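> fold the following and give me the result.
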Amino acid sequence: MSCVTQLERVATASDFDRTTALRPTGRPGELAVDLDPGWSSLVGIHGGYMCALAVRGAAAIAEDRAVRTLTTSFLRTGNVGPATLTVREVRRGRSMSTVVADLTQDDHLLLTSRLTLLRPRDGIEWRVPVHLGLPPRDECVRMDGGRVSHFERVDGLLDPGSLPFSAGDRAMVRGYLRPLEGDRVDSAWLAMATDWFPPPAFVRLEPPTGGVSVDLTTHVHRPEVTLADDEWLVGRFEVETSSAGLAVERGVIATTDGTLVAESFQTRLTAV
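As a prediction, the model looks like this:
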């Protein structure tokens, strides 16, 4: 690829593409990245953004396959600045690969991820539509990042009936979302998006209780989605059980007609 073409790609890339760009270091399986200040969260760097980096790294070493499942354990808080992603393909079959990705900063392991990638293939299809019962968009509340800048990296609207800090009985947040720029949704963006909404426990509890992530598994049903100018995705994230200091959060992201795009399970600390 020529230098001109590379510069053109950088100039036309979306905010998400620019901030998840990885650079080869010259060492096998090692990629450099700058953890972007725009993805700062309540504490440190946003976990979903770091998951997206793992997806980018896996796709870089298995270009003929799409990431379909990502399981991440969060070990330490990331900070703005340089970091290193190390990826290795532990098994490559005819249609499926398993990749492990480790993100480190200052010689400390921030997270470790195991990813399953699949070549495009035909399969048996069926689906049950997902209906979230959201109010119309003009009745929803635009997400204001405030001190948490990662909220501003997605065009998002929240259901006013499930807002954080509303002391509700149901630990659930839901709303509309779409990329801040462009119309393309891929596996990396979905890995980020399943952790983008405010922690649903915050509807009932005060932070940081219920907000600290331990593990996140995201399954991508549709690794490539293109949205028209007036199209949005919808999301719902809910905690139905918190026991012995650990809450299990289930999330879904779908099209407005009910087609499931991605779903997730996340464990968060509710210990006091």
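
> going forward, measure contacts and count neighbours with C-alpha atoms only.
Will do.

> for this protein, give me the ranges with low pLDDT.
1-12, 145 (pLDDT under 70).

> could you pull out the strands for the stretch 51-200 of the chain?
Under the criterion DSSP state E, counting those that start in this stretch, strands of the stretch 51-200 of the chain are mapped to 66-74, 81-92, 96-105, 108-118, 141-142, 154-158, 171-179, 184-186.

> tell me what the longest helix anywhere in the chain is packed against?
The single longest helix within the chain, with elements called by DSSP state H, is helix 47-61. Counting contacts by 3 or more CA pairs under 8 Å, 6 or more residues apart in numbering; DSSP states H and E, helix 47-61 packs against strand 66-74, strand 81-92, strand 96-105, strand 108-118, helix 187-193.

> want to throw those into JSON lines with distance to Pro199 and mean neighbour count?
Below are these laid out as JSON lines (distance: least, CA to CA, whole Å; neighbours: other CA atoms under 10 Å):
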{"stretch": "strand 66-74", "distance to Pro199": "16", "mean neighbour count": "23"}
{"stretch": "strand 81-92", "distance to Pro199": "25", "mean neighbour count": "18"}
{"stretch": "strand 96-105", "distance to Pro199": "23", "mean neighbour count": "21"}
{"stretch": "strand 108-118", "distance to Pro199": "19", "mean neighbour count": "21"}
{"stretch": "helix 187-193", "distance to Pro199": "12", "mean neighbour count": "27"}
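
> next SSE after the helix or strand harbouring Ala254?
Per DSSP states H and E, Ala254 falls inside strand 246-255. Downstream of strand 246-255, the first helix or strand assigned by DSSP H and E is strand 260-269.

> show me what that next one is packed against.
Using 3+ CA pairs under 8 Å, 6+ apart, the elements in contact with strand 260-269 are strand 213-220, strand 246-255.

> can you add mean neighbour count and distance to Ser264 and give the ones you listed back as JSON lines?
Converted to JSON lines, these look like this (neighbours: other CA atoms under 10 Å; distance: least, CA to CA, whole Å):
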{"stretch": "strand 213-220", "mean neighbour count": "22", "distance to Ser264": "4"}
{"stretch": "strand 246-255", "mean neighbour count": "22", "distance to Ser264": "5"}
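
> could you export the ones you listed as a markdown table, including distance to Glu240?
Converted to a markdown table, these look like this (distance: least, CA to CA, whole Å):
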| stretch | distance to Glu240 |
| --- | --- |
| strand 213-220 | 16 |
| strand 246-255 | 7 |
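
> now do the strand holding Ala254 and strand 171-179, the angle between them.
40 degrees (axes from the mean of the first three to the mean of the last three CA atoms, to 10 degrees).

> direction included, what does strand 246-255 pair up with?
Sheet pairing of strand 246-255 (DSSP bridges) gives strand 233-243 (antiparallel), strand 260-269 (antiparallel).

> packed most tightly, which of those would that be?
Each of the strands paired with strand 246-255 was assessed for mean neighbour count using mean count of other CA atoms under 10 Å. The highest is strand 260-269, with a mean of 22.

> show me what it is in contact with.
Strand 260-269 is contacted from outside by 127, 129-130, 190, 194, 209-223, 245-255, using CA atoms under 8 Å, 6 or more residues apart in numbering.

> tell me which residues touch Asp155, please.
Under the criterion of CA under 8 Å, 6+ apart, the neighbours of Asp155 are 143, 177-180.

> any of those residues buried? List them.
For those, a burial check counting by 16 or more other CA atoms under 10 Å picks out 143, 177-179.

> surely Met172 meets Gly161?
No. Using CA atoms under 8 Å, Met172 is not in contact with Gly161, being 9.4 Å away.

> neighbour count for those two, which is higher?
Looking at Met172 and Gly161 with other CA atoms under 10 Å, you find the greater number of neighbours at Met172, namely 25 against 16.

> and that one, bridged to which residues?
According to DSSP bridges, beta-bridge pairing links Met172 with Glu238.

> likewise for Gly251?
Counting by DSSP bridges, Gly251 forms beta bridges with Phe237, Ser264.
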